[in-house]
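Trainee: Please find the sequence and the predicted model below.
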Amino acid sequence: SDCRLFLYKIMIYGSLLQMPILSRAVMVIALLLGLFSCSSQCVTGFSVAPQVTKHVRPVRAWNCNQGLVTSSSSSLLEAIGSTTTDLPLFQDEESSEPDLVNEVEASEHILHDDSMTVLPRHPTHEGLNAILETTEHVMAALHVQSLDLQQEQTLLNTNKIPVDDTDEQDVEDPLLNSHERVFSNSYVDLGKVSTVGFDYDYTLVTYNQELLELIYNMALERLVTDNQYPLEMLDAGLKFDPRFSIRGLAVDRKTGWICHLSYTHKVAVAWEGRNKVSSSRLVSEYSGKRAMRPQERKKRLKPLNDLFSMAECCLIADTVHFFKTRKIPFYPPNVVNDVLKSVGSTHISGDFHRLVAKNPSKYFHPTPHLKQVLDTLKSSGKRLIFVSNSPFWYVDAGMKHVIGTNWRDTWDVVIVSAGKPNFYTDEARPFREVSHTTSRVKFKKVTKLEPGEVYTEGCLKEMIKCLDWYHPSESQPTNNLQSQSAAGVNLASPNVLYVGDSLFADLVDAKREFGWTTAAVAPEVGWEIEIQSKAQFLLSQRTIDLLLHTLRKVQRELGNGLRTEDDLQILDSLERLVSRWRDEQSNLLGNPFGSVFRARFQPSLFAHSLRRYCDLYMNSVSSLRHYSPQHRFYPDDARLLSHETTGTDQECWELDRSLDNIDVHNL
């Protein structure tokens with residue numbers, strides 16, 4: 001592979017001979033910095049993920065905003081990069097179901113795939129061709145440097161090269177290590193938080209893939225036995241596929257399509273069974289704009305927002321695919337309803353709950369830091385509330401496994417079978433006490449919630465009345481939650497933090513109705529960051545950024561007059577190439593929908609809801625162990641509109657303009 005890489009470099013150098021003199025000089029400097037030293041310098045001045053910058057020596061670099069500076073980067077990939085990707089939606093190229101492949105093999109394949117790296121040419125406009133030629137050479141250099149990065153990463157992973165103390169300290173710093181970081185959408189002062197509530201499933205405990213496989217298999221069996229679906233489905237090899245479904249999708253009840261929605265409710269990607277729906281069918285089905293009217297959307301689309309729903313998403317797709325491939329007539333709305341009913345019955349029956357309760361270690365991910373987090377919050381004087389929709393006997397088995405036999409001593413209030421989100425909105429649903437030993441409900445009136453006891457059902461309004469934290473005065477109205485407080489603790493205020501995984505069951509009403517501070521557990525953050533830090537993903541992103549910048553530059557070159565047919569063909573070809581590179585990113589993420597947080601190039605509806613209703617989000621509750629109970633979180637960037645980010649990165653691609661100010665001898 002070293003010989004192959006050397007030949008690729010010679011190929012790039014050879015192509016320089018045909019470039020304009022000024023562009024040739026730029027590329028020579030870039031290649032000398034990036035290819036020979038195996039460490040490129042940040043021409044744009046943007047920071048690089050710490051995972052990529054290890055073992056790279058700092059040298060001088062050019063920053064188009066600041067001039068000549070000293071910086072440390074890791075590749076020409078970052079040296080030419082930009083972060084702006086928001087451009088109007090292109091006509092997506094159709095792609096087949098993705099398969100994960102070896103990164104180095106993928107890069108080598110792309111280097112030989114002219115359709116991914118060779119740009120079109122204009123038959124008459126030489127100025128346009130000069131831009132396209134320069135872009136083409138930069139793309140080739142990016143790809144060669146990507147191979148260098150991948151080999152370096154492979155060497156580090158294979159030989160386990162030790163890092164110095166500084167590197168190890170950086171890895172443990174949650175502000176630098178994104179896997180352990182708590183991300184902030186708004187300002188949050190934990191010092192002002194007096195009460196912290198937690199959900200149970202996928203929050204205090206997280207499940208491995210075997211649980212979703214179990215739910216899928218049980219629901220499939222119910223589909224066949226209870227709904228009389230073909231017996232052949234049980235022998236057709238249908239099984240849960242973790243590489244198909246992601247959180248935040250929606251199923252169209254009318255068509256049976258699994259849809260990924262953008263924040264504007266536009267259907268960015270849809271799959272019918274295991275076949276991708278063409279762009280033309282999307283446009284035809286959704287009134288020529290890939291979207292539906294609000295009333296129609298509420299009627300047709302069933303959100304699949306929590307992690308449990310990944311099993312039903314996969315089963316719907318597999319059932320539709322089973323019927324279509326065998327040419328069995330079916331009515332999509334019935335299939336969707338039957339699958340949803342089967343999965344719902346599986347949850348209600350408690351069948352999988354009993355199996356998990358008997359063997360938690362088989363289905364749980366380890367949570368070694370959970371007790372530390374809870375003890376730290378408790379010792380800082382914060383009150384802890386446990387509110388779960390699961391039954392007591394189930395959470396009791398799980399909490400004993402992860403915390404210990406006396407787990408209830410940690411909590412000021414324990415509420416099970418809460419029925420969220422109705423728990424937040426019901427007006428007068430009373431609590432009932434649950435026996436510790438038999439898990440049966442006691443028939444007695446509950447007027448006070450005692451620490452160490454367990455309660456079921458109820459609602460937030462009743463909880464405020466039953467807590468001894470609340471002592472209403474005679475002049476204070478008891479039917480106004482916003483005015484009810486308890487010795488400085490207002491349970492309808494930002495001083496309450498609730499942590500959960502399901503946006504709409506756990507967090508939306510808590511934020512919208514009562515102004516609680518909310519935190520989402522989103523394990524997708526961790527593994528997406530890991531994938532996006534790999535050289536191949538960085539290559540695809542930088543290539544997309546380069547192509548988008550080229551599109552802007554091409555249009556500036558064309559001016560504000562009418563476009564010829566040749567002009568439009570150039571733009572169409574570049575846009576199709578951007579779409580193909582976005583398909584490449586979806587392949588790298590290992591599922592046909594791409595990122596949970598991006599619907600093609602726009603923020604997904606899930607990401608939009610996460611930003612709107614969640615003040616904080618994190619990979620795991622364990623991430624809180626890195627922060628003081630009085631830590632203050634500041635959002636990284638609250639800017640939303642295009643004009644607010646103008647000039648931060650787009651113009652950093654003006655390499656030709658920057659060349660005149662570079663002192664080559666001081667590089």
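Mentor: Yep, it's here. From a predicted model like this one, the values you see are computed outputs, not experimental measurements. Numbering: from 1, shown residues only.

Trainee: so Ser609 makes contact with Val508?
Mentor: Yes: here Ser609 reaches Val508: they are 7.5 Å apart, a contact under Cβ atoms under 8 Å. C-beta here means a position set from N, CA and C on the backbone, and glycine is covered the same way.

Trainee: what about Glu565, how many neighbours?
Mentor: 6 (other Cβ atoms under 10 Å).

Trainee: any idea how far it is from Ala130?
Mentor: According to Cβ to Cβ, to the nearest Å, Glu565 and Ala130 sit 21 Å apart.

Trainee: again with Ser628
Mentor: 56 Å.

Trainee: try Pro360
Mentor: From Pro360 to Ala130 the distance is 64 Å (Cβ to Cβ).

Trainee: And those two? Which one has more around it.
Mentor: Neighbours were tallied for Pro360 and for Ala130 using other Cβ under 10 Å; the higher tally belongs to Pro360 (17 against 14).

Trainee: Next up, phi/psi of that one, please.
Mentor: Main-chain dihedrals, Pro360, degrees, to the nearest 10: phi -60, psi -40.

Trainee: Nearest residue to it in space, ignoring adjacent ones along the chain?
Mentor: Nearest non-adjacent residue to Pro360, counting by Cβ to Cβ, 6 or more residues apart in numbering: His401, 4.0 Å away.

Trainee: Could you list the buried residues of the host helix or strand of the one you found?
Mentor: Using DSSP states H and E, the element containing His401 is helix 392-402. Across helix 392-402, burial judged by 16 or more other Cβ atoms under 10 Å covers Phe392, Trp393, Tyr394, Val395, Asp396, Ala397, Gly398, Met399, His401, Val402.

Trainee: which ones are touching the last one?
Mentor: Listed by Cβ atoms under 8 Å, 6 or more residues apart in numbering, the contact partners of Val402 are Leu204, Val205, Pro360, Phe364, Thr367, Leu370, Lys371.

Trainee: May I have the beta-bridge partners of Pro303?
Mentor: Pro303 has the following beta-bridge partners by DSSP bridges: Ala250.

Trainee: ok, now how distant is Asp226 from Val343?
Mentor: Computed as Cβ to Cβ, the Asp226 to Val343 distance reads 12 Å.

Trainee: okay, those two: which has more neighbours?
Mentor: More crowded of Asp226 and Val343, by other Cβ under 10 Å: Val343, with 24 against 12.

Trainee: That one and Leu315 touch, don't they?
Mentor: Yes: between Val343 and Leu315 there is a contact under Cβ under 8 Å: 6.9 Å.

Trainee: Now for these two: what residues contact both?
Mentor: Contacts common to Val343 and Leu315, judged by Cβ under 8 Å, 6+ apart, are Ala219.

Trainee: contacting residues around Phe183?
Mentor: For Phe183, counting by Cβ under 8 Å, 6+ apart, the contacting residues are Val525, Leu616, Tyr617, Met618, Asp636.

Trainee: try it again with 10 Å
Mentor: Residues near Phe183 by Cβ atoms under 10 Å, 6 or more residues apart in numbering: 519-520, 522, 525, 610, 614-619, 623, 633, 635-636.

Trainee: can you check Tyr331 too?
Mentor: Gly256, Phe323, Asn337.

Trainee: Please pick the buried ones from those residues.
Mentor: Judged by 16+ other Cβ under 10 Å, buried ones among the contacts of Tyr331: Gly256, Phe323.
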